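Chemist: Show me the folded form of this:
(one chain, ligands or ions: 1)
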Amino acid sequence: MSLDRSIAVIGTGTVGAMALWQLSQRGVTDLHGFDTYAPGHDRGGCGGQTRIFRVAYKEGAEYVPLLQRAKDLWRSLESESGADLLTLSGGLSIGPHGHPDLEQILHCIREFDLPHELLTREESNHRFPHLPLSEGETAVLDKSAGVLRPEQAVIAAAEQAQRNGAQLHTYTSVDSVRPDAEGVTVHSSQGTHRFDHVILAPGPWSRELLELSSLPLSVHQITTFWFLAKNPEAFAKEVSPIVIRTGDIAFSCFPAVDGETVKVSLHSFPRPHLDSAEKIDRNPGRRYLAAVREAVETHLPDLIPHPVRIGSYADCFTPDNHGVIGSLPNLPHVTVATGFSAHGFKLAPTFGEVVADLATAGETGHSIEHLAPARFF
Ligand SMILES: Cc1cc2nc3c(=O)[nH]c(=O)nc-3n(C[C@H](O)[C@H](O)[C@H](O)COP(=O)(O)OP(=O)(O)OC[C@H]3O[C@@H](n4cnc5c(N)ncnc54)[C@H](O)[C@@H]3O)c2cc1C
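Modeler: Below you'll find the model as predicted:
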């Protein structure tokens, strides 16, 4: 199968790499990816060792079909590349009984008949003693959830695309994208290029591209902390679910994919705003450290409550925390994919498929109304 078109993906990070992979499978004859860095780099959306995959989605039931498709595509990428990317260790959502997040998760479970277990405090503590629930809390186990390996995933997608004929321009920054009636002119640090269609997926660097200035995007820093486990075997990815805890102290907690450290990401602490993804402050400050230590001491007693490693990364946000996929007024022949608001990784292969549909056919069979750029115009 071949498709006689020239298409460029600007930003081969998370969603861009998946789009490149999907387009390469469709046999696009002249396919290019541009990135300021290289696939799997540690500044944007794919840094930090692990990402949560879950299907019963507190962010909205409209995501469930996209997530179910994503699971199939993660498996396809694994079988094509030979990489081990997704471990379905289960996902334990913990919170006060009746918390709105838990109610939304249960709504998804009922609407789509998703595999799950409802656990009382006693049942959950018996099964997962290293992840204890407090008085008045319940847990929902999403059996389709698990842990993704983000750097490996992005590298696998980019490599598969190259194997299928795509050209990757690493360490090549794009300065401008100028569409006209026939196509798009792209200016990069390598020179000037001409394409039939361009996909813009610059993640937390979106605000630096003039072409995206009409979108209400912001950039935030997300800091994650790794702790040594007193009993690392209890946190092994084969037996320990990912955890999402809601309530006054909210965080996510990951299995020990390296066999010894457990990653914790605090949700109940404001994420610092950044002027630019290049301005990540890798020192979280004392208040942030105190808050994450309190979370660990209160809810994860099997971890030594002093981080052995800290990592900070950037992501791009929209005002309603839903991403943006589609075309913008005055930007013909350009598909935009950005603003994934700290929950885009698990969905990335589906977003890549959607973007590939839009770039090659001008439409997609996926329901993505909630991601339409038109909601901001
Ligand atoms: C610490 C952290 C934890 C997260 N946890 C989860 C999770 O558990 N589950 C989940 O689903 N999601 C999670 N997310 C969210 C998810 O990772 C992001 O939403 C997603 O990775 C964003 O992908 P992206 O393609 O938009 O951006 P990126 O992956 O950052 O890709 C953008 C790429 O564009 C390149 N670029 C930018 N501008 C240019 C230019 N002008 N020229 C050339 N190249 C350019 C950049 O170098 C970069 O490689 C998390 C995010 C962070 C930061």
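
Chemist: CA only for contacts and neighbour counts going forward, please
Modeler: Will do.

Chemist: quick one: the strands in the stretch 1-150 of the chain?
Modeler: Listed in chain order, the strands found in the stretch 1-150 of the chain under DSSP state E, counting those that start in this stretch are 3-10, 28-34, 51-53, 86-87, 91-96, 116-119, 137-142, 146-148.

Chemist: Need these in TSV (columns: mean pLDDT).
Modeler: Listed next are the strands of the stretch 1-150 of the chain as TSV, based on pLDDT from 0 to 100:
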stretch	mean pLDDT
strand 3-10	96
strand 28-34	97
strand 51-53	98
strand 86-87	98
strand 91-96	98
strand 116-119	98
strand 137-142	98
strand 146-148	98
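
Chemist: orientation of the helix or strand containing residue 360 relative to strand 28-34 in degrees?
Modeler: Following DSSP states H and E, one finds residue 360 within helix 348-361. In terms of direction (axes from the mean of the first three to the mean of the last three CA atoms, to 10 degrees), helix 348-361 departs from strand 28-34 by 130 degrees.

Chemist: What mean pLDDT does helix 348-361 get?
Modeler: Helix 348-361 carries an average pLDDT of 98.

Chemist: From the contact counts, what lies against it?
Modeler: Counting by 3 or more CA pairs under 8 Å, 6 or more residues apart in numbering; DSSP states H and E, the packing neighbours recorded for helix 348-361 are helix 14-25, helix 64-81, strand 197-200, strand 324-326, strand 334-338.

Chemist: if we can go back for a sec, just put the strands of the stretch 1-150 of the chain in JSON lines and tack on mean neighbour count and distance to residue 229.
Modeler: Converted to JSON lines, those look like this (neighbours: other CA atoms under 10 Å; distance: least, CA to CA, whole Å):
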{"stretch": "strand 3-10", "mean neighbour count": "20", "distance to residue 229": "40"}
{"stretch": "strand 28-34", "mean neighbour count": "22", "distance to residue 229": "40"}
{"stretch": "strand 51-53", "mean neighbour count": "24", "distance to residue 229": "19"}
{"stretch": "strand 86-87", "mean neighbour count": "20", "distance to residue 229": "20"}
{"stretch": "strand 91-96", "mean neighbour count": "25", "distance to residue 229": "19"}
{"stretch": "strand 116-119", "mean neighbour count": "16", "distance to residue 229": "24"}
{"stretch": "strand 137-142", "mean neighbour count": "23", "distance to residue 229": "22"}
{"stretch": "strand 146-148", "mean neighbour count": "25", "distance to residue 229": "18"}
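
Chemist: Residue 177 is nearest to which of those?
Modeler: Nearest to residue 177 among those is strand 3-10; the distance by CA to CA comes to 9.4 Å.

Chemist: Show me what from this structure comes close to the ligand.
Modeler: Within the chain, the positions near the ligand by CA under 6 Å from any ligand atom are 10-16, 34-37, 44-46, 48, 51-53, 172-175, 201-205, 222-223, 313-315, 338, 340-346.

Chemist: are any of the residues you listed buried, and which?
Modeler: Among the residues of the chain next to the ligand, those classed as buried by 16 or more other CA atoms under 10 Å are 10-16, 34-37, 44-46, 48, 51-53, 172-174, 201-205, 222-223, 313-315, 338, 340-346.

Chemist: Nice, that's everything, thank you.
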